[in-house]
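Novice: please find the sequence and the predicted model below.
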Amino acid sequence: MMNKQWIPVLSGIAALAIGFFASVQLGLSPTGTHPTYPLAGQTFETPQGTTLDMAALKGKTVVVNFWATWCPPCVEEMPELNALYPELKAKNIELIGIAIDSPTNVKQFLEKTPVDYTVVLGGLTGTELAKKLGNTQGGLPFTVILNADGEKILTKAGRIHSDEIKAALVR
């Protein structure tokens, strides 16, 4: 039989464990006061063999576009995104393409259709990040714009146009 003096101790431990689990599920920081940056903990390799730590983007507005080489609407929007990129870059706004595809397919595609903005190899980690950012259906393309604090200011499933991005950035 358990000694009654252990009940408050065990209750306290259980409460702490439940609180920690809830904060992780809700995306809260360990203090529970501020949401964590949604791209923190995500590092992706580029087709060129370098890596991009997505947490380094905190403090900047970021347009994140999930795409694949086998996705016709994804391929259709890429020239428009590439044309918009210099305007975004001039405003210190990052544009990141996360390829949900094999590294070989992405490398071959980018050799034929190069873009000026950063493209990373997402794989399953990219798919999970897209879900975390609101792509519950898992379709492509999927675009998210995060403000400098990491708050979503636009999520768009399906082909996006540059005027939609510009309108979201004015808000």
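Specialist: Structure received.
Novice: can we go C-alpha only for contacts and neighbour counts from here?
Specialist: Will do.
Novice: please enumerate the strands of this protein.
Specialist: Secondary structure of the chain (DSSP state E): strands at 43-45, 51-53, 61-67, 93-99, 118-121, 142-146, 152-157.
Novice: what bridges to the nearest residue to Leu88 once chain neighbours are set aside?
Specialist: Sequence neighbours aside, Glu94 is the residue nearest to Leu88 in space, at 6.8 Å (criterion: CA to CA, 6 or more residues apart in numbering). Listed beta-bridge partners, Glu94: Val62 (assigned using DSSP bridges).
Novice: got the contact list for Glu94?
Specialist: Listed by CA atoms under 8 Å, 6 or more residues apart in numbering, the contact set of Glu94 reads 57, 60-63, 88.
Novice: the residues you listed into a markdown table, with extra columns for pLDDT?
Specialist: What follows is these, written out as a markdown table (pLDDT from 0 to 100):
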| residue | pLDDT |
| --- | --- |
| Leu57 | 97 |
| Lys60 | 97 |
| Thr61 | 98 |
| Val62 | 98 |
| Val63 | 98 |
| Leu88 | 98 |
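Novice: how about Asn92, nearest residue that isn't a chain neighbour?
Specialist: Lys60 (7.0 Å).
Novice: got the domain ranges for this structure?
Specialist: 1-36, 43-170 (automatic domain parsing).
Novice: how far away is Ala40 from Val144?
Specialist: 15 Å (CA to CA, to the nearest Å).
Novice: ok, and the helix or strand in this structure with the lowest average confidence?
Specialist: Taking mean pLDDT, DSSP states H and E as the measure, the helix or strand of the chain with the lowest value is helix 6-25, at a mean of 46.
Novice: picking up where we left off before, okay if I get the strands of the chain as JSON lines plus distance to Asn105?
Specialist: Below are the strands of the chain laid out as JSON lines (distance: least, CA to CA, whole Å):
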{"stretch": "strand 43-45", "distance to Asn105": "14"}
{"stretch": "strand 51-53", "distance to Asn105": "18"}
{"stretch": "strand 61-67", "distance to Asn105": "12"}
{"stretch": "strand 93-99", "distance to Asn105": "10"}
{"stretch": "strand 118-121", "distance to Asn105": "10"}
{"stretch": "strand 142-146", "distance to Asn105": "19"}
{"stretch": "strand 152-157", "distance to Asn105": "22"}
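Novice: can you pull the pLDDT of Arg171?
Specialist: What the model reports as pLDDT for Arg171 is 78.
Novice: kind regards, and thank you for your time.
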